[in-house]
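*Asks:* Structure of the sequence below:
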Amino acid sequence: MYNRKITILYLISNLLIISCVKKDTTFYTDIEPIIHAKCAVCHNPKGAGPFDLITYEDSKKRTKMIAEVITNNYMPPWPADREYRSFLGEKSLTKEEKSEILNWIKNGAKEGEKKNATTLNLKVTNKTKPQPDLIVKMPNPHITNGLNKDEFLMMKFPFELEQDTFIKKIEFVADNKQIVHHVNAHLITYNDSQKKNIYNGDRIVNTEDFSDQESFKKLDLLNDDDSYPVLTPSVSNYLPGSEAVDYPNNIGVLRAKKKNIILVNDFHYAPSPYEEKDDSYFNIYFSEEPASRVIQETQLGTFGISKITPPLIIPPNEIKTFTTKAMITQDISLLTINPHMHLIGKSFLAYAITLKNETIPLIKIDDWNFRWQYFYTFKQMLKIPAGSEIIVKATYDNTENNPDNPFSPPKVIKERQNLNGKGSMRTSDEMLQFIINYLPYEEGDENIQLGL
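*Replies:* Residues are numbered from 1 along each chain as shown. Just a heads-up that it's a prediction; the model follows:
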């Protein structure tokens, strides 16, 4: 009996030792799923990344760089604090994922056994992504000024359809991601009897040279009798790092007519000392059904519904915090939010305080990065009750210690107050905006999943 107990204990101890010995970490077994989910979505031939991170060879030759950027939390880019509020499409690595990659690199970056004929995840190749029903392009690629100055343009993208059509999504696709900074687009629809030719007029106008009214005339946007056509605002937006969102089928569908124009009222090219070519375009996805709920948009701060306190003026060699607040007068369901600042932004915090003095966290960014700005979409609709106050606090660093400061030595940076209907904010100006896409609240909104 004693010998039998010894044997059992011996076997158990051996099993425990074996279970504690971790198998070798290899690319194909352990690392590839992480790289494809968090890195290759941008680092692929069609993505924003400057090189591919798809195959073992892609990662193996960049192990030193990978270790450095993930150790310093520089990549993957996801500025928002995941502990404060979680969103769709989060790209940041978990502690476990980061540890797995670093251990793999430390132990020789082993390849392992390749399981499939292709290592390229379907999500990365976009094979599962539906093809657009229509692509609307520029007539010719745009060549930037090469003067190392911001360029603000108004552009029109006309398109015709065989009949009135419902549109599920209009997606802006940036061609030259190094210089396309932001885009705000609207949809103009025309009645046949009011507009004969939507292709007349200029396609591009520099808005720093002409007012909005002058630009509309040069682009020939008005009806033939000089009346204004129907315009649906903010049908497509773009910022560095942003991705178009698919909402549930009954939300956000547009109605296009036979004659239409996508009007980009603010096409911003970042400064470049060289002439650059850009051939950006729009993907249009049709819908069989109309929308039962129309998305609404508002914004706090610069050009918005709430003033900034104190006024947005950042003296040189100072770090300064500003606040903007707005009261919500009806129950709303938040879909997507977009915090926006420029180069000397340091941190951004937004939350709501209800009438019951409860705090609803919205977004927290401790280390602002002008190069990575997102339209953050909630995983489920987020209810903000009537009477709540949305509060935004933003901090700016106008010191020489800020490597993104556009001026050396630092000088006063503020909003441009007197645009006179011309141009837009330069990169070296500052803004404090919090853009909100929402729906009037309906019972059960909190349970509706957003995204695919």
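*Asks:* so Y269 sits right up against E151, yeah?
*Replies:* Yes. If you go by C-beta atoms under 8 Å, Y269 and E151 touch, sitting 4.0 Å apart. Using the backbone N, CA and C atoms, a C-beta is placed for each residue, glycine as well.
*Asks:* quick one: V136 from N369, how far?
*Replies:* Applying C-beta to C-beta, to the nearest Å, one obtains 31 Å for the distance of V136 from N369.
*Asks:* now for the helix or strand harbouring T395, which elements pack on it?
*Replies:* When elements are assigned from DSSP states H and E, T395 belongs to strand 389-398. The helices and strands touching strand 389-398, judged by 3 or more C-beta pairs under 8 Å, 6 or more residues apart in numbering; DSSP states H and E, are strand 296-301, strand 318-327, strand 345-353, strand 433-440.
*Asks:* just for this protein, where's the confidence low?
*Replies:* Scanning the chain for pLDDT under 70 picks out the ranges 1-23, 46-48, 115-129, 241, 417-425, 452.
*Asks:* Pop the domain breakdown of it in here.
*Replies:* Under the assignment automatic domain parsing, the domains of the chain span 2-125, 134-293, 297-447.
*Asks:* coming back round to it: could you take the helices and strands packed on strand 389-398 and lay them out as CSV, with extra columns for mean neighbour count?
*Replies:* Putting these into CSV (neighbours: other C-beta atoms under 10 Å) gives the following:
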stretch, mean neighbour count
strand 296-301, 19
strand 318-327, 16
strand 345-353, 20
strand 433-440, 20
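*Asks:* could I get the ones you listed as CSV with distance to G112?
*Replies:* As requested, those are arranged in CSV below (distance: least, C-beta to C-beta, whole Å):
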stretch, distance to G112
strand 296-301, 48
strand 318-327, 48
strand 345-353, 41
strand 433-440, 43
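*Asks:* For T359, find the nearest of the ones you listed.
*Replies:* Within those, the stretch nearest T359 is strand 345-353; the backing value is 5.6 Å (C-beta to C-beta).
*Asks:* Who are the packing partners of that closest one?
*Replies:* Contacts of strand 345-353 with other secondary structure elements, assessed using 3+ C-beta pairs under 8 Å, 6+ apart, are made with strand 332-340, strand 359-365, strand 389-398.
*Asks:* Could you work out which of these reaches nearest to D202?
*Replies:* Set against D202 and scored by C-beta to C-beta, the helices and strands packed on strand 345-353 come closest in strand 332-340, at 28.6 Å.
*Asks:* ok so, going back, which residues make contact with the following helix or strand past the strand holding T395 from outside it?
*Replies:* Sequence order places strand 413-414 as the next helix or strand after strand 389-398, per DSSP H and E. For strand 413-414, the surrounding residues in contact (C-beta atoms under 8 Å, 6 or more residues apart in numbering) are P311, L312, I313, I314, I344, Y396, N398, P406, F407, S428, D429, E430.
*Asks:* Now, of these, which are buried?
*Replies:* Buried subset of those (neighbour count, 16 or more other C-beta atoms under 10 Å): L312, I313, I314, I344, Y396, N398, P406, S428, D429, E430.
*Asks:* and which of these is nearest F282?
*Replies:* Nearest to F282 among those: D429, at 27.6 Å, using C-beta to C-beta.
*Asks:* residue contacts, the closest one?
*Replies:* With contact taken as C-beta under 8 Å, 6+ apart, D429 is in contact with H342, I413, K414, E415, R416.
*Asks:* Phi and psi next, for it.
*Replies:* As for D429, its main-chain torsions (degrees, to the nearest 10) stand at phi -80, psi 180.
*Asks:* What distance do you get for it to I314?
*Replies:* Relative to I314, D429 is positioned 11 Å away (C-beta to C-beta).
*Asks:* Could you do H182 as well?
*Replies:* Note on H182: its distance to I314, by C-beta to C-beta, is 21 Å.
*Asks:* same check, this time on C42
*Replies:* The gap separating C42 from I314 is 32 Å, by C-beta to C-beta.
*Asks:* what do you get for W78?
*Replies:* Here the criterion is C-beta to C-beta. By it, W78 lies 26 Å from I314.
*Asks:* nearest spatial neighbour of I284, skipping sequence neighbours?
*Replies:* Counting by C-beta to C-beta, 6 or more residues apart in numbering, I284 lies nearest to L134, which is 4.2 Å off, once chain neighbours are set aside.
*Asks:* what's around that neighbour, how many residues?
*Replies:* By other C-beta atoms under 10 Å, 15 other residues sit near L134.
*Asks:* Let me know whether it touches F159 as I believe.
*Replies:* Yes. Under the criterion of C-beta under 8 Å, L134 is in contact with F159, at a separation of 6.5 Å.
*Asks:* Between these two, which contacts overlap?
*Replies:* The contact sets of L134 and F159 overlap at I284 (C-beta under 8 Å, 6+ apart).
*Asks:* And stretch 310-325, end to end?
*Replies:* Using C-alpha to C-alpha, to the nearest Å, the end-to-end distance of stretch 310-325 comes out at 12 Å.
*Asks:* who are the neighbours in contact with I35?
*Replies:* L53, I54, S59, I101.
*Asks:* just N265 next, same as before
*Replies:* Taking C-beta under 8 Å, 6+ apart, one finds M154, N184, A185, H186, T207, D212 in contact with N265.
*Asks:* Quick check: the last one vs E100, distance?
*Replies:* The one in question is D212. 53 Å.
*Asks:* Those two: who's more crowded?
*Replies:* In this view D212 and E100 are compared by other C-beta under 10 Å, and E100 has more residues nearby, 17 against 13.
*Asks:* The more buried one belongs to a helix?
*Replies:* Yes. The assignment for E100 is a helix, going by DSSP: H, G, I helix; E, B strand; the rest coil.
*Asks:* for the closest residue to it other than its chain neighbours, helix, strand, or coil?
*Replies:* Nearest non-adjacent residue to E100, counting by C-beta to C-beta, 6+ apart: D30, 5.9 Å away. The three-state label given to D30 by three-state DSSP is helix.
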